[in-house]
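Asker: Turn this into a model:
(chains A and B)
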Amino acid sequence: EPEVTQTPSHQVTQMGQEVILRCVPISNHLYFYWYRQILGQKVEFLVSFYNNEISEKSEIFDDQFSVERPDGSNFTLKIRSTKLEDSAMYFCASSELGGETQYFGPGTRLLVL
Amino acid sequence: SQQGEEDPQALSIQEGENATMNCSYKTSINNLQWYRQNSGRGLVHLILIRSNEREKHSGRLRVTLDTSKKSSSLLITASRAADTASYFCATDPYGGATNKLIFGTGTLLAVQP
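Answerer: Model (predicted):
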C-alpha cells in the first residue's frame, strides 16, 4: 500500500540554524500539507500546497518557514532560523485531487537546542 | 473551548469492552475524520464522515455525527490491547480554501489485556 514517507525521523539542531524536513507524498496525490505537534499538544495545521504554490497557511507559518516541491516527488519544509519553540513533531500529509482523506507520514521529530 | 475537543481525555477499559470517545467542534464542517496515533508515531486515518451523513461503520468502528449539536462519537467495539493509542477527531471546516484539518485534543485509550 502506498504511503507518505518522511526524512529524517529525528533531527537535533542548534537555535538559529536552518533545517530542511523532507517528505515524499503518495505518488498520484496533488495536495500536500505540513502539520506540527508540540509535545503533549494538538496537531496544528501549518500550510497546504497545490499546483506549485501555497494554497493556505496558518498564522504559525511565518516568514521563517517555506515550502517547496523541488522535483516530482519531494516536498520540503524549511525553517530558516530555528527557535526553541520550533521543537515539535512535524507531519507531512497528502491527498488526491478532490480527495477528502489526508494520509500522514510518520513524522520528523525536531529538537532545537 | 477550541474547535475539536474530545472527551474523555483518557479512557481505560478491559479487552473485549467497548470504547466510546466524543468530539465537539465549533464551526460548520465539510467532514469529520478520526485518526489514531500510537505513542510518538504518525497519524493513521480511521474513518471519515461527511456533514450530510449521520452514521458510518468500518469494521469494529462506528462513527456518528450530529451537526445540530456539532458533535461526533467514535465507538470501538470488542476492544483489543492493540487498540491502545490516542484518538483524534479532525474537522475540515466549511468554506476553507483547502481541506486543512483542525484537530482536537485527543483521547488517550488504554486497553488492558
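Asker: Would you enumerate the residues in contact with residue A:95?
Answerer: A:29-31, A:33, A:101-103, B:99 (C-beta atoms under 8 Å, 6 or more residues apart in numbering or on different chains). Every residue, glycine included, has its C-beta placed from N, CA and C.
Asker: Filter these down to the buried ones and hand me the PyMOL line.
Answerer: To isolate the buried members of the contacts of residue A:95 in PyMOL, using 16 or more other C-beta atoms under 10 Å in any protein chain shown:
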select buried, (chain A and resi 29+31+33+102+103) or (chain B and resi 99)
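Asker: Which one among the contacts of residue A:95 sits at the bottom for pLDDT?
Answerer: In terms of pLDDT, the weakest of the contacts of residue A:95 is residue B:99, which scores 77.
Asker: Quick check: residues of chain B near chain A?
Answerer: B:2, B:4, B:30-31, B:33, B:35, B:40-45, B:48, B:50, B:88, B:90, B:92, B:96-106 (C-beta under 8 Å from any C-beta of the partner chain).
Asker: Return the members of those residues classed as buried.
Answerer: The neighbour-count test (16+ other C-beta under 10 Å) marks B:4, B:30-31, B:33, B:35, B:42-43, B:48, B:88, B:90, B:92, B:96, B:98-106 as buried among the residues of chain B next to chain A.
Asker: For residue 23, what is the enclosing helix or strand?
Answerer: Since you didn't name a chain, this refers to chain A. Assigned by DSSP states H and E, residue A:23 belongs to strand A:19-24.
Asker: Chain B was what I was after
Answerer: In the assignment (DSSP H and E), residue B:23 maps to strand B:19-24.
Asker: Neighbouring strands - and their directions - for that strand?
Answerer: strand B:5-7 (antiparallel), strand B:71-76 (antiparallel) (DSSP bridges).
Asker: Save the ones you listed as JSON lines, and put in mean neighbour count too.
Answerer: Formatted as JSON lines, the strands paired with strand B:19-24 follow (neighbours: other C-beta atoms under 10 Å in any protein chain shown):
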{"stretch": "strand B:5-7", "mean neighbour count": "19"}
{"stretch": "strand B:71-76", "mean neighbour count": "20"}
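Asker: so which of the ones you listed gets nearest residue B:15?
Answerer: Residue B:15 lies closest to strand B:71-76 among the strands paired with strand B:19-24, at 11.5 Å (C-beta to C-beta).
Asker: chain center to the closest one, what's the gap?
Answerer: A distance of 6 Å separates the C-alpha centroid of strand B:71-76 from that of its chain, computed with C-alpha atoms, centre = their mean, to the nearest Å.
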